[in-house]
Structure formats: C-alpha cells, structure tokens
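Undergrad: Pasting the sequence and the predicted coordinates here, then a few questions.
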Amino acid sequence: MALSLLKSFLNPSRKCLATKHCKTLSNLIWSQYGNLHNPMYDPEPFQVLYRVISVESFTTEVVKPVKQDISSNRTRPFITFVLGGPGSGKGTQCEKIVETFGFTHLSAGDLLRKEISSNSENGSTILDIIKEGKIVPSEITVKLIQRAIQSSESYKFLIDGFPRSDENRIAFERVIGMEPEVVLFFDCPEEEMVKRVLSRNQGRVDDNIETIKKRLKVFAGSNLPVINYYSGKGKLRKIDAVGTVDEIFEKVHPIFAAYKGAAS
Ligand SMILES: Nc1ncnc2c1ncn2[C@@H]1O[C@H](COP(=O)(O)OP(=O)(O)OP(=O)(O)O)[C@@H](O)[C@H]1O
Ligand SMILES: Nc1ccn([C@@H]2O[C@H](COP(=O)(O)O)[C@@H](O)[C@H]2O)c(=O)n1
Ligand SMILES: [Mg+2]
C-alpha cells in the first residue's frame, strides 16, 4: 500500500527517485509514520510523501534513519499497557523495564498530575477527579498520551495506568488507531496495595485511606473489565505482584525477553 501510493506520487521528472529507491522510501515512511491508515501516524500522508519525494537525491541524512529502523525491524510503535490496582507496583516495575529494555514510560497518572501543576485549563477539573479517585474523561487523558507519543522519538512505550475503563480503551483505539502488543497486569491483594500506598510518601493528594477505598472500588468496577477484555484476546500477562521488587521483575523479564525481536 505504501509502495503503490508512493509510486503514484513520484514526480517523473525526478529521475533520482526512480523505482529502485521506492522500497527504501517506503520503508522510511513506514518506519516514521507507521500504517498509512493510522490516523495518528499518518496525519498528512500526502504532505509527508511530497516532502520525501521532493528531495533531489538521497543524502545520508535521509538514508540513515531508514537503516536504523530496518535493522531494528520495527515499522510500528510497540505498545504495552501496564495495569493493576493502586499501589500494585506498576510505576516501580516500569522503571525496571525502562532500565533493562529501553522502553519509554508514559504514566497516565503522571501526565494528568503534570497537567494540574502546569495550570492548564483542565487542571482544576482533573484535580477534583483525582481527589475523588474517579476516572478523568478519556478525551483529556488520550490527548495527553497522544501528545506524549508524538513528541517522543521512541517507538516502544509502556503506558502505565491506562486504560482504566472500557471507555478509555475505546477512545485510545479510536484516536491512536492501535492496540497494545501486550498487557501486563500486576495482581496484588488489596491489603498489600493499601499498605504500599499509605507508606508511599510522595505527597500525592490521593494517597489517603478514604481515596484509596474509592480507587479500589473504581479498579474493581471499571479496570477489571478491561483486564478481562485483553485476557479474552490472549494479550494479558498476569503477574503475581507479591514479593520484593526484584522477585517481581524476575517474572516480568521473560515477557519482554520473548518480545526482543519485535521490541528491540
Ligand atoms: N514489590 C514491592 N514491595 C514493597 N513495596 C513496593 C513494591 N513495589 C512497589 N512498592 C512500593 O509501593 C508503593 C507503590 O508502588 P508504585 O508507585 O509503583 O505503584 P503503582 O501501581 O504505580 O500505584 P498507583 O496506581 O497508585 O500509581 C511505592 O512506594 C513503591 O516503592
Ligand atoms: N487512565 C487514567 C489514569 C489515571 N487517572 C486518574 O489519576 C489517578 C492516579 O493515577 P495513577 O495511575 O497514578 O494511580 C487515578 O486514581 C485517576 O483519578 C485517570 O483518571 N485515568
Ligand atoms: Mg503509579
């Protein structure tokens, strides 16, 4: 598809971009913009194509990123959703995955908190919702995630604490136009989660017993259906989240090692 579209936009007067280069150009476009039908990665396909084909000759600058992406064998971002109740250790394990496998960590909660501290127009609404342990409208959260993905040069993402509900999930599929490759679920008993959150000490407005109780209810009511959905699709990797941080990471490690070809 990319190749035929590309050929149809080739300017015949530019001989240097004849067919023998099409495959390389096509790879360049796929590696940088992903699926041409993808609304996020192909916002303006014709402009992208025009910009590329209007280059007089292949400079090393143009060819270089193609080589890098071909060698990594990636044509589309590799997305992992990281789910689990409050305090189950999502953020902690994401840090370890980043260190070992070089993913980019996007925590939906952190993006929302950043929005509050930047005094954006939605800041006070988000703050009120977080204090109540409820779920921020998907439109807001997905936009923040979209912006973070688009402004990153990475192609492998851990999206932590998202989707929190079916509504979150559907909004992501609609706006980003992709599904996760794998979904991690840190399964932790409530008692342990409460203990961890109450000793977190990071000054979060929702780290108090009243809000934690609400968050646990929201988790059971809205997040578990999402977890079941991905389980039904064979994408879920459930991890027993009791134990030391290193013991848990030992269970996480083989999951990403198995994806090394696709996600490295
Ligand atoms: N295996 C573990 N054993 C003991 N404490 C842990 C473990 N993993 C994480 N913690 C601690 O528990 C607290 C919560 O962990 P973390 O912030 O990673 O959870 P989370 O799932 O991201 O929670 P939230 O959804 O509230 O953001 C932190 O203080 C962290 O240091
Ligand atoms: N998809 C999401 C993620 C988070 N929130 C809100 O932020 C709070 C904190 O999230 P953490 O992942 O850092 O625990 C959470 O309780 C929600 O209020 C959200 O609305 N949607
Ligand atoms: Mg977290």
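TA: In hand now; what should we look at? Because the structure is predicted, anything quoted here is derived from the model rather than measured. Numbering: from 1, shown residues only. Ligands and ions are numbered 1, 2, ... in the order given.

Undergrad: what number of residues lie near residue 151?
TA: Neighbourhood size, residue 151 [other C-beta atoms under 10 Å]: 7. Placement of C-beta: from N, CA and C, glycine included.

Undergrad: check contacts around it.
TA: By C-beta atoms under 8 Å, 6 or more residues apart in numbering, no residues touch residue 151.

Undergrad: any idea how far it lies from residue 248?
TA: Using C-beta to C-beta, to the nearest Å, residue 151 is found at 30 Å from residue 248.

Undergrad: cool, and residue 78?
TA: Following C-beta to C-beta, the distance that separates residue 78 from residue 248 is 22 Å.

Undergrad: Please apply the same query to residue 211.
TA: Distance from residue 211 to residue 248, by C-beta to C-beta: 25 Å.

Undergrad: Tell me where the stretch 51-200 of the chain has helices.
TA: Using DSSP state H, counting those that start in this stretch, the helices found in the stretch 51-200 of the chain span residues 60-72, 90-101, 108-117, 123-131, 138-150, 166-176, 190-198.

Undergrad: So which elements touch the fourth one?
TA: If you count contacts as 3 or more C-beta pairs under 8 Å, 6 or more residues apart in numbering; DSSP states H and E, helix 123-131 packs onto helix 108-117.

Undergrad: Residue 105 touches residue 93, doesn't it?
TA: No: checked against C-beta atoms under 8 Å, the pair residue 105 and residue 93 is beyond contact range at 10.1 Å.

Undergrad: Write out the residues of the protein neighbouring ligand 1.
TA: By C-beta under 6 Å from any ligand atom, the part of the chain that sits against ligand 1 consists of 84, 86-92, 109, 161, 196-197, 200, 243-245, 248.

Undergrad: ok, and of these, which contact ligand 2?
TA: 86, 109, 161.

Undergrad: now the strands for the protein?
TA: In the chain, strands defined by DSSP state E lie at 78-84, 104-107, 156-160, 182-187, 236-240, listed in chain order.

Undergrad: and the first one, what's its mean pLDDT?
TA: The pLDDT scores in strand 78-84 average 97.

Undergrad: packing partners for that strand?
TA: By 3+ C-beta pairs under 8 Å, 6+ apart, strand 78-84 packs against helix 90-101, strand 156-160, strand 182-187, helix 224-232.

Undergrad: between the second one and helix 138-150, how many degrees?
TA: By that I understand strand 156-160. Orientation check (axes from the mean of the first three to the mean of the last three C-alpha atoms, to 10 degrees): strand 156-160 against helix 138-150 gives 150 degrees.

Undergrad: What strands line up against strand 156-160, and which way round?
TA: Paired strands of strand 156-160, with direction, are strand 78-84 (parallel), strand 104-107 (parallel) (DSSP bridges).

Undergrad: hmm, back to that, out of the ones next to ligand 2 among the residues of the chain next to ligand 1, the closest to ligand 1 would be?
TA: Minimum distance to ligand 1 across those is 3.9 Å, recorded for residue 86 (C-beta to the nearest ligand atom).
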